Structure formats: C-alpha cells, structure tokens
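Novice: Here is my input; please provide its structure:
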Amino acid sequence: MIEVKNTSFRYAGTDADCLRDINLRVKAGECILFCGKSGCGKSTILRLFNGMIPNFFDGEQQGTVTFRGELLSDMPLFRIAQSFGTVFQNPRTQFYTVNTTSEIAFGLENMGTPREQIRKRVEQTAKELEIEYLMDRSIFELSGGEKQIIAFASVYAMDPEVYLLDEPSANLDFAAVEKIRKILRLLKSRGKTILISEHRIYYLKDILDRALYMEDGRILREYSEAELGSMPYEEHEKTGLRMLNLAEMPYGGRRIRRRPEECFLTYFSGYHGKKKCLEISRAGFAPGKIYAVIGNNGAGKSTFLSAFSGVMRKTGGYVIEQNAVSDRRKRLKNSYIVMQEVNHQLFMDSVEKEITTGKHRMDPDGCGRLLSELDLEGLEDRHPMTLSGGQKQRVIIASARYSGKRFLFFDEPTSGLDFYHMIRVSELLKEISGDETYIFVVTHDYEFILSCCDAVVHIESGEMVEQYDLDQGGLEKIRTWFLAEPQPGIPVPRQSDEVPAVPAHGW
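Specialist: Sure thing, here's the model as predicted:
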C-alpha cells in the first residue's frame, strides 16, 4: 500500500539529515507506531505521507515514497488529502474556523461534498465520537484536550483511508484517551491504516501491529507488542519508550522533610470576563513540594495556574504568603509559568538567548549545565522554532529553571516528551524544589506524577475537591483515579441542559 525506498531528508538551513535511508512497507489495515526519543524523526516521517514534504517544508529529499504504486510527489495535494488525514501535535495549527461545528465540516466543504451529506456526516461524527456537548462551541473556549478532540473529529469526518496521528494523546486526560482508543479500535475493525508518532503508548495495547524505533533519523529496530510489554525499566530509560502497562510504573517520589504550610489561598477566585471560573474556599501549600494538579479536561487546572501566578488579571480573595498578603503584581513578579503551548512563549532567535533572557545577571556555567541536563547541548545557536516539539518543551523548562523564580507553574510540561526526557525533567524538578520554591504541575501524565510528584491537587468544575500527599496514603488514590475502571468521564451537559443542534452554517 505505502512503500518508502532509500529515503533521506534534510530540512533547509540544517547541516544533518533528519531522515536517513528509510526503507518501509506498510500494508493496508496496519497500525504502526513510530517511537523514539524527541527529535528522532517521528513527525518528519509522517510529513512524507501527507504532502507537507516537499510542499510545505523545504529541504533536500532522496529516494521515493509511493502510495498504491503511485509516487506521492506526483500526486496533487487534494488527492493526497482525500486519502491521508492528519491530526497534528498542536491542534491549533490545523484550525481554520472559530466554531467547532464549522471546523468539523471544513474538510468536507473543501472536498466539494454536497451540503446535505456534510450535515449528515457532521452529525454522525458527533454521535460516534460522543462529542455532542462540544458542538457549536467557540474554539477559543475549549481546553487544550477538547481542541485535540475537535481536531481528531475534523479528520474523522472526512473518512480518509490512512490516518496520520502526531502525538494525538499529548494534551488529553485518561477519559479522552480512552475515547481515542475506542475510535482507533473502530477504525482498525473497518480496515483503516493508522500511522502514529507517539510517546504515550499504553492506549495502543491490543491495537498496534508493530512499533518502529527511530534514532537520529533511522529506523533501528522493530518491536512487537509483546516485546514492548515485557521491556525492563532500564531499557525504557535507555530507549525513551514509555510504558505499555502503566500499572508497572514504580513510584519514584521522595520522603521529603515536612515543612509547615506557608502559602494559603482564602476565598480565592478567578474570572473570565464576568464569569467566575475558579473558586477555592481555602487551600494551603508548603515550599519544597512538587504538586501535581489533576482533573478532567476543562476542569479549570490551567485557570488555577493563571490565577495563582498572577497572569489572570481578574481574581478575588486572598493569597497569603508568610503571613503577608501577596497581590497579583507581587505574585506575577515571583512566578514563572510554562504554558501548555510553548510556541506562545518562544521569542528569541537562539536557544541560549531563550533560556537566559529575563534574568538580569547571566550565569554561563548555569546555562551550560541546564543544556547538558536536558539534552540540549549543541543547540545553543539554533532558532527555537526549528526544534522538535519535545526540544521546544525542554528549552522553556530550562528557562523556568534559570529564572530563579520562587513560584514555578508548569502546564503539561511532558506532553511532547519521551520516557528518557520525562525522567530528566522529573529529576530537574526534584533538584530545584528547594526550601523556598513552590512547584505546581498541571498534568495528565501518570508516569510523570509517579516519577517526581509529592502531593496532588484535584480540581473539578473550577473547585478544589481534594488535596493529598502521595506518601501518606495518596498513592492508591492516584492509581485509582488514573487506572481504575471505568475511566473518569469527560464532563457532559446535564440532563437539564440542551445539547445544541447542528446549525446550518451555510451548507
């Protein structure tokens, strides 16, 4: 069906090949996982299939890529789009409208699908993916995970023959990932071909046919599902491959010296416009701990970070630190927040400048150590926007560490990271979580929580429903939250709410 012969590719402006001597045959109906450490070429190989190479990304390509015997380079883009559907790592890069229903219909409109057929297909997509509650919503009101689901739905509606998925689970909670798992099973049962570039692989159990491990642009090894499932922990660290069986992930938290709570939120609230979206009656936090902030997509976790850090302008209540009220400006001055979409905070023209900007006194040795610890050596002079998603993530994490701020907030810091770099980040957070530092991490990454977090803040519907330490009975709670059946559900409209009908939108 798909055949890649002796193919190499080098992006314009770079000195090394990103893909090297790729030879690959894909049979119809196969589910193939491309895996490996960040920057190994996983995303680039998908770009060979969807026409982005060479039509969007300039560079030098050698070798051939064929689909059903026809060279992809000779096929017009509209024909490629009819056969290959892509879900990108950052869903915002593939949105063309501001309304969820219109976004799902957009691809069908561009394919010239008749109006009534578009309407039926959009309604069918919403029903089969169980996302009626997301229909006719503003894209800007969605959480990161909800955006990813809409991006997936927009491809699903076009019913392509081949699905190309680039980190589709990166920003999703376990309930949403379970939804994608069911969709993939459905696609596989219908004979669809699925090619996935992914770090989190547990949800592909009983779905994938083989995993191709990549390193430095080459396919070095092929794993069966059984081989992935029986891989020892040490090999996970070495290869960067995540766990296929999450229950085998050991707890790597610390027995830290107990400190009294020194920072309190009292009647704390946050507002989007006139709408209250966060309300916490009282909470206390101790320095030196790493807090995991968990909850379903749309629960208010990112809002919690924005309000607490001072990024959100309109807040109410009190933040009391060391018996003194800390207003928004003071919190903002003492805080550093790593956003879920790191492209929003990459401004400089080199990695080194990105890490060091914002601190009055530069420490070259400290910057060098961070580059080494986060596997960024040799990239000092690279433009951050030329890096892979995982490399960009590590650059911003290095910048947060270099800033020396007392309140560090991370929003899904491991969403694009392999197991090896996830462990490196967890070790870095442990190192910087000193007596005067508060660290809060919004995450859906169960492996990351067990690798370094000390306590959990559970938020739902804009409220803090629970707070507990992992080493004091909380470990069973977090395991139940992530692993127990049934999975935690995505919030859906209450029975008293109306699910919006699919509007005409001009079709």
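Novice: Need phi/psi at the nearest residue to residue 403 once chain neighbours are set aside.
Specialist: Excluding the flanking residues, the one nearest residue 403 by Cβ to Cβ, 6 or more residues apart in numbering is residue 336, at 4.7 Å. Every C-beta, even on glycine, is put in place using the N, C-alpha and C of the backbone. Backbone dihedrals for residue 336, given as degrees, to the nearest 10, come out at phi -130, psi 130.
Novice: Next, count neighbours for residue 336.
Specialist: Residues near residue 336, counting by other Cβ atoms under 10 Å, number 20.
Novice: Surely it is in contact with residue 410?
Specialist: No. Look at residue 336 against residue 410 with Cβ atoms under 8 Å: they stay out of range, at 9.2 Å.
Novice: shared neighbours of these two, which are they?
Specialist: residue 400 (Cβ atoms under 8 Å, 6 or more residues apart in numbering).
Novice: hang on, the earlier thing: mind listing what the residue nearest to residue 403 touches?
Specialist: Contacts of residue 336 by Cβ under 8 Å, 6+ apart are 399-400, 403, 405, 407-409.
Novice: how does it look with 7 Å?
Specialist: Applying Cβ atoms under 7 Å, 6 or more residues apart in numbering to residue 336 gives the contacts 400, 403, 405, 408.
Novice: For these, give me CSV that also has pLDDT, neighbour count and secondary structure.
Specialist: CSV is the format used below for the contacts of residue 336 (pLDDT from 0 to 100; neighbours: other Cβ atoms under 10 Å; DSSP: H, G, I helix; E, B strand; the rest coil):
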residue, pLDDT, neighbour count, secondary structure
400, 88, 25, helix
403, 88, 16, helix
405, 89, 19, coil
408, 93, 26, strand
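Novice: low pLDDT regions in the stretch 51-200 of the chain?
Specialist: 144 (pLDDT under 70).
Novice: That one: helices as residue ranges?
Specialist: When assigned using DSSP state H, counting those that start in this stretch, the helices of the stretch 51-200 of the chain occupy the ranges 52-55, 77-83, 100-110, 115-128, 144-156, 174-189.
Novice: Run a quick neighbour tally on residue 25.
Specialist: Residue 25 has 10 neighbours, counted by other Cβ under 10 Å.
Novice: Name the helix or strand for it, please.
Specialist: Under the criterion of DSSP states H and E, residue 25 resides in strand 19-26.
Novice: For that strand, which strands pair with it and how are they oriented?
Specialist: strand 2-11 (antiparallel) (DSSP bridges).
Novice: Let me see the mean pLDDT of the partner strand.
Specialist: For strand 2-11, the mean per-residue pLDDT is 95.
Novice: and that strand, which residues are buried?
Specialist: 2, 4, 7-11 (16 or more other Cβ atoms under 10 Å).
Novice: What of stretch 231-243?
Specialist: Under 16+ other Cβ under 10 Å, the buried positions of stretch 231-243 are 231, 236, 239-243.
Novice: low pLDDT regions in the stretch 201-350 of the chain?
Specialist: In the stretch 201-350 of the chain, residues with pLDDT under 70: 254-258.
Novice: can you give me the helices in it?
Specialist: Taking DSSP H, counting those that start in this stretch as the criterion, the stretch 201-350 of the chain carries its helices at 225-229, 233-239, 301-309, 328-333.
Novice: For residue 475, find the nearest of these.
Specialist: helix 233-239 (17.6 Å; Cβ to Cβ).
Novice: what residues does that closest one touch?
Specialist: So helix 233-239 is contacted by 213, 243, 419-420, 423 (Cβ under 7 Å, 6+ apart).
Novice: Now the two most distant members of those.
Specialist: The most widely separated members of the contacts of helix 233-239 are 213 and 423, with 17.6 Å between them, by Cβ to Cβ.
Novice: Can you tell me who the closest residue in space to residue 54 that isn't next to it in sequence pairs with across the strands?
Specialist: Ranked by Cβ to Cβ, 6+ apart and with sequence neighbours excluded, the top spatial neighbour of residue 54 is residue 61, at 5.8 Å. Beta-bridge partners recorded for residue 61 (DSSP bridges): residue 9.
Novice: and residue 61, what does it touch?
Specialist: 9, 53-54.
Novice: Over to residue 262?
Specialist: Counting by Cβ under 7 Å, 6+ apart, residue 262 touches 286-287, 321-322.
Novice: ditto for residue 440
Specialist: Contacts of residue 440 by Cβ under 7 Å, 6+ apart are 291, 293, 305, 409.
Novice: ok, residue 11 - contacts?
Specialist: Residue 11 neighbours (Cβ under 7 Å, 6+ apart): 18, 57, 59.
Novice: any idea how far it is from residue 41?
Specialist: Residue 11 sits 11 Å away from residue 41 when distances are taken as Cβ to Cβ, to the nearest Å.
Novice: got any residues that touch both of these two?
Specialist: Joint contacts of residue 11 and residue 41 (Cβ under 7 Å, 6+ apart) are residue 18.
Novice: how far away is the residue lying closest to residue 282 once chain neighbours are set aside from residue 447?
Specialist: Nearest residue to residue 282, sequence neighbours excluded (Cβ to Cβ, 6+ apart): residue 266, at 5.5 Å. For residue 266, the distance to residue 447 equals 34 Å [Cβ to Cβ].
Novice: Tell me which of the two has more neighbours.
Specialist: residue 447 (23 against 14).
Novice: A helix includes that one, no?
Specialist: Yes. Counting by DSSP: H, G, I helix; E, B strand; the rest coil, residue 447 is located in a helix.
Novice: Enumerate every residue touching it.
Specialist: 242-243, 246, 249, 422.
Novice: how about a cut-off of 8 Å?
Specialist: 242-243, 246, 249, 419, 422.
Novice: Residue 296: neighbouring residues, count only.
Specialist: 21.
Novice: repeat for the one 5 residues further on
Specialist: In terms of burial, residue 301 registers 30 neighbours under the definition other Cβ under 10 Å.
Novice: In this structure it contacts residue 291, no?
Specialist: No. Counting by Cβ under 8 Å, residue 301 does not reach residue 291; the two are 11.3 Å apart.
Novice: Quick one: mean pLDDT over the helix or strand following the strand holding residue 25.
Specialist: Moving toward the C-terminus from strand 19-26, the next helix or strand (DSSP H and E) is strand 31-35. Mean pLDDT, strand 31-35: 97.
Novice: relative to helix 174-189, how tilted is strand 31-35?
Specialist: With axes from the mean of the first three to the mean of the last three Cα atoms, to 10 degrees applied, the angle from strand 31-35 to helix 174-189 works out at 130 degrees.
Novice: Mind giving me the packing neighbours of strand 31-35?
Specialist: helix 42-50, strand 193-197, strand 210-215 (3 or more Cβ pairs under 8 Å, 6 or more residues apart in numbering; DSSP states H and E).
Novice: right, so of those, which gets closest to residue 349?
Specialist: helix 42-50 (22.6 Å).
Novice: chain center to the closest one: distance?
Specialist: 18 Å (Cα atoms, centre = their mean, to the nearest Å).
Novice: what's in contact with it?
Specialist: 2, 4, 7, 9, 18-19, 22, 34-36, 53, 56-57, 65, 67, 72, 80-81, 84, 86, 89, 162, 164, 166-167, 195, 197-198, 214, 217, 388-389.
Novice: What subset of those is buried?
Specialist: By neighbour count, with 16+ other Cβ under 10 Å, those hold 2, 4, 7, 9, 18-19, 22, 34-36, 53, 65, 67, 72, 80-81, 84, 86, 89, 162, 164, 166-167, 195, 197-198, 214, 217, 388-389 as buried.
Novice: Pick out the residue nearest the middle of the chain.
Specialist: Against the mean C-alpha coordinate of the chain, by Cα atoms, centre = their mean, the closest residue is residue 170 at 2.6 Å.
Novice: Confirm for me that it is in contact with residue 87.
Specialist: No. The pair residue 170 / residue 87 is not scored as a contact, 10.4 Å apart, by Cβ under 8 Å.
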